[in-house]
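S.K.: what's the 3D shape of this:
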Amino acid sequence: EGTGEKTNINDSSVNHVFFGSSFNVINQEHALKETKRILKNKGSFACMWNHRDLSDPVQKEIEKIIRKHIPNYNYGTRREDPTDVISKSNMFTKVKNIQKHFIVKMKTQDIISAWESHETLSRQAGNNFKKIISDIHSYLKKRDFYNVPYTTKIWYANLL
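M.R.: Predicted structure coming up:
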């Protein structure tokens, strides 16, 4: 039990450390120091994010709905390249990046459920959160399924 900045894992005890979306909501510098502490010699680090393709017409419309209620909506570091943070730590080899585009056929209700659990949106929307979800639902209810385009982006490096 712990956090990315303080895992409570023994020193030099793991081969790999992976962060999903959590890497954008923690103190990245502290998490990298903790990663170094728990990694075995030449262990590896990776962080990964799945991004909806915002150029897709359906995703563009969802973005319009969000920005109608939150004009300055910000995804945070989740859509930023963490290479500089990792490199500046001076604890890892050269950062490498891979990405893969894919499409997921999703039920409309699953898309709505995903938005209902979107903490970044909820935090920034405040009292408007339920209205945003309702507007997204109203827009999407035309169909039972949607093809949602994503890109998975992974950055990885080995401990020096």
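S.K.: from now on I want contacts and neighbour counts done on CA atoms only, so please keep to that.
M.R.: Will do.
S.K.: strands of the chain, start to end?
M.R.: 14-19, 39-52, 96-107, 145-158 (DSSP state E).
S.K.: extract the CA atoms of the third one and return them as CSV.
M.R.: As requested, C-alpha coordinates have been extracted for strand 96-107 and formatted as CSV (Å, rounded to 0.1, in the frame of the first residue of the first chain):
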residue,chain,number,x,y,z
LYS,A,96,12.4,5.9,-25.9
ASN,A,97,8.9,6.2,-27.1
ILE,A,98,6.4,4.0,-28.9
GLN,A,99,2.9,4.6,-29.9
LYS,A,100,0.1,2.6,-31.5
HIS,A,101,-3.2,3.7,-33.0
PHE,A,102,-6.3,1.5,-32.6
ILE,A,103,-10.0,1.7,-32.6
VAL,A,104,-12.3,0.3,-29.9
LYS,A,105,-16.0,-0.4,-30.6
MET,A,106,-17.7,0.8,-27.5
LYS,A,107,-21.3,0.7,-26.3
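S.K.: which one of the strands of the chain lies nearest to residue 123?
M.R.: Of all these, it is strand 39-52 that lies closest to residue 123, at 19.0 Å by C-alpha to C-alpha.
S.K.: partner strands of the closest one, with direction?
M.R.: strand 14-19 (parallel), strand 145-158 (antiparallel) (DSSP bridges).
S.K.: could these go into JSON lines alongside mean neighbour count?
M.R.: Compiled in JSON lines, the strands paired with strand 39-52 are given as follows (neighbours: other C-alpha atoms under 10 Å):
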{"stretch": "strand 14-19", "mean neighbour count": "16"}
{"stretch": "strand 145-158", "mean neighbour count": "18"}
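S.K.: how close does the spatially closest residue to residue 160 that is not a sequence neighbour get to residue 37?
M.R.: What sits nearest to residue 160 in space, not counting adjacent residues and going by C-alpha to C-alpha, 6 or more residues apart in numbering, is residue 92, at 4.9 Å. Distance of residue 92 to residue 37, given as C-alpha to C-alpha, to the nearest Å: 12 Å.
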